[in-house]
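**Student:** this one's structure only:
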């Protein structure tokens, strides 16, 4: 149970950090990237198995893409800030 909660928690933390790296402009985005790397290194120090490490990376990448798509969809519907690069080819009504 402990390893499962660690797996989910670390994957979620890395995913949120990488999603913020993708979505935010400016210098602060690199802090989230470094923070995600740090969290990943901490997970790797705690878990020696290759299966858990690969699973955590795959889960973090999938969650990162999912969180980014969800934010962009919500931002588009509600008029929040969206990086203009994501709106290429989309006409706003």
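**Tutor:** Arrived safely, thanks for sending. Quick caveat, the model's predicted, so the values are computed rather than measured.
**Student:** wait, residue 35 touches residue 15, no?
**Tutor:** No - using Cβ atoms under 8 Å, residue 35 is not in contact with residue 15, being 12.0 Å away. Backbone N, C-alpha and C define where each C-beta goes, glycine included.
**Student:** neighbour count: these two, which is higher?
**Tutor:** Shown here are residue 35 and residue 15; by other Cβ atoms under 10 Å, residue 15 has more neighbours (21 against 17).
**Student:** spatially nearest residue to that one, not counting backbone neighbours?
**Tutor:** Spatial nearest neighbour of residue 15, chain neighbours left out: residue 63 (3.6 Å); criterion: Cβ to Cβ, 6 or more residues apart in numbering.
**Student:** host element of that neighbour?
**Tutor:** helix 50-78 (DSSP states H and E).
**Student:** packing partners of that helix?
**Tutor:** helix 2-23, helix 28-46 (3 or more Cβ pairs under 8 Å, 6 or more residues apart in numbering; DSSP states H and E).
**Student:** what would those look like in CSV with distance to residue 68?
**Tutor:** Formatted as CSV, the helices and strands packed on helix 50-78 follow (distance: least, Cβ to Cβ, whole Å):
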stretch, distance to residue 68
helix 2-23, 5
helix 28-46, 13
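**Student:** quick one: low-confidence parts of this protein?
**Tutor:** Within the chain, the segments meeting pLDDT under 70 span 87, 90-93.
**Student:** please repeat the previous calculation with a cut-off of 80.
**Tutor:** Applying pLDDT under 80 to the chain flags residues 83-93.
**Student:** residue closest to the middle of it?
**Tutor:** Nearest to the mean C-alpha position of the chain, counting by Cα atoms, centre = their mean, stands residue 15 at 2.6 Å.
**Student:** now do stretch 30-47: everything it contacts.
**Tutor:** 3, 6, 10, 13-14, 17-18, 20-21, 24, 53, 56-57, 60 (Cβ atoms under 8 Å, 6 or more residues apart in numbering).
**Student:** and that stretch, which residues are buried?
**Tutor:** 32, 35-36, 39-40, 43, 47 (16 or more other Cβ atoms under 10 Å).
**Student:** quick check: residue 67 touching residue 14?
**Tutor:** No - look at residue 67 against residue 14 with Cβ under 8 Å: they stay out of range, at 10.9 Å.
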